[in-house]
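>>> Structural data only, the sequence is not supplied:
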């Protein structure tokens with residue numbers, strides 16, 4: 001059995017966009033169909049910040065220190081990993097998710113792994129540390145096939 005048999009799902013994600021694809025053919029000549037598309041509207045941190053970072057009084061006379069403001073853009077990226085993990089769990093729990101190959105940057109894979117439910121972890125057939133969200137489907141099919149064959 002190959003990691004890309006018919007019925008294998010491929011999650012292609014970055015920190016703002018995710019595609020859940022299903023291979024409807026075989027591993028030799030994969031053909032992916034989009035089953036779910038998730039996108040997050042995540043403007044830059046500057047666009048999301050309401051005000052300047054605050055200041056606090058230090059112990060010395062007349063001394064003040066700047067406080068770091070929350071990085072809203074980074075926070076939204078982390079929350080997106082939660083959303084992806086929840087999507088995969090919901091599908092797995094309903095029996096609507098077969099073996100799955102995770103395709104994302106090493107950073108996103110690192111954010112996603114600890115958030116995955118054990119039911120989803122049991123279905124992971126492989127991981128590919130690449131960002132492919134802006135590639136056309138036919139290129140994604142060939143890259144995933146090539147990467148899985150090499151591993």
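Looks like it arrived, so ask away. Values in this document were obtained by computation on a predicted structure and should not be read as measured data.
>>> I'd assumed residue 18 was in contact with residue 35.
No: the pair residue 35 / residue 18 is not scored as a contact, 11.1 Å apart, by Cβ atoms under 8 Å. C-beta here means a position set from N, CA and C on the backbone, and glycine is covered the same way.
>>> Those two: who's more crowded?
The neighbour count for residue 35 versus residue 18, taken as other Cβ atoms under 10 Å, is higher for residue 18 (24 against 15).
>>> mind listing what that one touches?
Counting by Cβ atoms under 8 Å, 6 or more residues apart in numbering, residue 18 touches 11, 12, 36, 37, 38, 39, 80, 84, 87, 133.
>>> again, 10 Å this time
Contact partners of residue 18, counting by Cβ atoms under 10 Å, 6 or more residues apart in numbering, are 11-12, 36-40, 80-81, 83-84, 87-88, 104, 108, 112, 133.
>>> Where do the helices of this structure begin and end?
Applying DSSP state H to the chain gives helices spanning 45-48, 72-93, 106-112, 118-121, 137-150.
>>> For residue 5, which of those is the nearest?
When the helices of the chain are compared by Cβ to Cβ, helix 137-150 sits nearest residue 5, at 10.7 Å.
>>> Report all helices and strands that that closest one contacts.
strand 9-13, strand 17-23, strand 32-39, strand 100-104, strand 124-128 (3 or more Cβ pairs under 10 Å, 6 or more residues apart in numbering; DSSP states H and E).
>>> Report the inter-axis angle for it versus strand 32-39.
Counting by axes from the mean of the first three to the mean of the last three Cα atoms, to 10 degrees, helix 137-150 lies at 100 degrees to strand 32-39.
>>> Any buried residues in helix 137-150, and which?
By 16 or more other Cβ atoms under 10 Å, the buried positions in helix 137-150 come out as 137, 140, 141, 143, 144, 145, 147, 148.
>>> what about the closest residue to the third one other than its chain neighbours, neighbour count?
Translated: residue 141. Once flanking residues are discounted, residue 141 sits nearest to residue 30: 4.6 Å by Cβ to Cβ, 6 or more residues apart in numbering. Here the number of neighbours of residue 30 (other Cβ under 10 Å) works out to 24.
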